[in-house]
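# The amino acid sequence is not available; the structure is as follows:
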Ligand code: F6P
């Protein structure tokens, strides 16, 4: 029987190494090696990762690579790219890498090359996107489309909304994009406020086409559109669907010709580059979408082929695992210094936490180490004026990923320099802090000295990219996808299922009729749940 993770010699070696270097401060590590800042940095496929401000030595990195080897990372990567059914609890292959494969590449699943099917859908998406963009696709009354509303949730929302925001610089000037996800009717109301239905296209995005939130919002949007345009026939010009569920789409009333499909081997949180990206393609155009896919693919090839120590996603994943499991820093702040990436932290939350928030291994045994860190974040510099106080002087240590771009897309005066100066300074301040002696030398009153001390030694990565292009976004997303994969491979968990979202869904379906019942229902929950249901029933006024 194979040893459990924490019993492996490679794991134990890291644990004892951690004890030996626990007292080392980043100040010492940098003082001992003048080249650390350039040596512990890696450039590949146009991304520069400075990981020197992590609490690691050369030995740590060697031991982390040894752990990855011991856990069979290389074989697991090969298995994913080969199309093995590595999502074992759902008996599915995991082939989002096929979504960005060039036409000439072959990826065979169950005897069938899946790449032609991917390109057939991309071609149909491109033809449709072009028609919407140039006004050939008209609404029911003959007006051109001005508003695109994506209705979806989870991976069918977070990827599209993140990408639309991230690539807004490249978006069609006369089209506006809105996103509805929450079953809270406020979301649909506000997203559609002021829109002319005759000029609005709804994209119903749902892998399963059964998700409560999406189907509820889609039906409400359809009813409202039909009422306003006065005919059921309007649906054909104002609704398209993205799904794997052709029957569900048909039952909803959307024709097959207006459906864009993808396969079950695309996980929801890995689907922004599938047909789920239709809103993105309409926004930025097929050529830019293709450039984004090429960026994804470049990172895929790097991940597949680069040796672990020179492999960006592997390194990022191993460093995260080191911080989480060996140093006990259980969260990760993702801090893009780029307003266009304002939804990137939310996107990464699903990617990382739905993938790796698991408590058992592939064999159903408890994982003996902490799995996914809690991912959170905000764009800089806004975060600096809210939660950075805790990051700098709080009692918890929060590893940070800083992300910045060397060229501004919306330059005004020298503002971009101010932005990037802040990014660089924050990483510096976290690593090196400020000692009591430095504070005293500044003449600070003795009683204030402890308040003005920054202990430093707080780890961060800095990712610098030349410019936020569609290709760069593809590379960045693939970097994190594969970093998540790397960590999941070491924990030996299924990073591609999401059973943890089921219980709440099932319980909600029991509560719905209890809230709606015209008579006081018999409640058989716990006393807290019963009381909450009763109070809601008594107090609601709508
Ligand atoms: O939250 C669970 C989940 O299944 C996610 O994995 C998925 O992205 C989301 O719901 C939406 O699912 P669908 O695209 O099937 O509507």
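Great, that's in hand. If you're wondering where the values come from, they're calculated on a predicted model, not measured in any experiment.

# helices or strands next to the lengthiest helix in the chain in the packing?
The helix spanning the most residues in the chain, taking DSSP state H as the definition, is helix 470-491. Here helix 470-491 touches strand 47-50, helix 58-70, helix 73-82, helix 286-305, helix 312-321, helix 355-356, strand 460-465, going by 3 or more C-beta pairs under 8 Å, 6 or more residues apart in numbering; DSSP states H and E. For the C-beta atoms, the positions are set from N, CA and C on the backbone; glycine is no exception.

# Mean neighbour count, the ones you listed: which tops it?
Ranked by mean neighbour count under mean count of other C-beta atoms under 10 Å, the helices and strands packed on helix 470-491 are led by helix 312-321, which reaches a mean of 25.

# ok now whichever helix or strand comes after that helix, how far from the chain's centre?
Towards the C-terminus, the helix or strand next in line after helix 312-321, according to DSSP states H and E, is strand 331-336. Its chain's C-alpha centre lies 12 Å from the corresponding centre of strand 331-336 when counted by C-alpha atoms, centre = their mean, to the nearest Å.

# before we move on, what about stretch 348-356?
Chain-centre distance of stretch 348-356: 6 Å, with C-alpha atoms, centre = their mean.

# ok so, going back, specify the angle between the longest helix of the chain and helix 73-82 in degrees.
Taking axes from the mean of the first three to the mean of the last three C-alpha atoms, to 10 degrees, helix 470-491 and helix 73-82 form an angle of 120 degrees between their directions.

# Wondering if helix 470-491 reaches the ligand at all.
No. Using C-beta under 6 Å from any ligand atom, helix 470-491 stays clear of the ligand, with a minimum separation of 13.6 Å.

# ok, the nearest residue to residue 288 once chain neighbours are set aside - contacts?
Setting aside the residues directly before and after it, residue 288 is nearest to residue 470 in space (C-beta to C-beta, 6 or more residues apart in numbering), at 4.5 Å. Contacts here follow C-beta atoms under 8 Å, 6 or more residues apart in numbering; on that basis residue 470 touches 167, 170, 284, 288, 289, 291, 292, 295.

# Which pLDDT value belongs to the residue in the stretch 401-542 of the chain that the ligand sits nearest to?
For the stretch 401-542 of the chain and the ligand, the shortest gap (C-beta to the nearest ligand atom) falls at residue 501, measuring 4.2 Å. Reading off the per-residue confidence, residue 501 sits at a pLDDT of 97.

# near the ligand, which residues of the stretch 201-350 of the chain show up?
Listed as neighbours of the ligand in the stretch 201-350 of the chain under the rule C-beta under 6 Å from any ligand atom: 206, 207, 208, 211, 214, 268, 269.

# Counting neighbours, which of the residues you listed comes out on top?
Neighbours were tallied for each of these (criterion: other C-beta atoms under 10 Å), and the maximum of 28 neighbours falls on residue 206.

# re the thing from before, let's have the contacts of residue 470 in JSON lines, adding pLDDT.
What follows is those, written out as JSON lines (pLDDT from 0 to 100):
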{"residue": "167", "pLDDT": "98"}
{"residue": "170", "pLDDT": "98"}
{"residue": "284", "pLDDT": "98"}
{"residue": "288", "pLDDT": "98"}
{"residue": "289", "pLDDT": "98"}
{"residue": "291", "pLDDT": "98"}
{"residue": "292", "pLDDT": "98"}
{"residue": "295", "pLDDT": "98"}
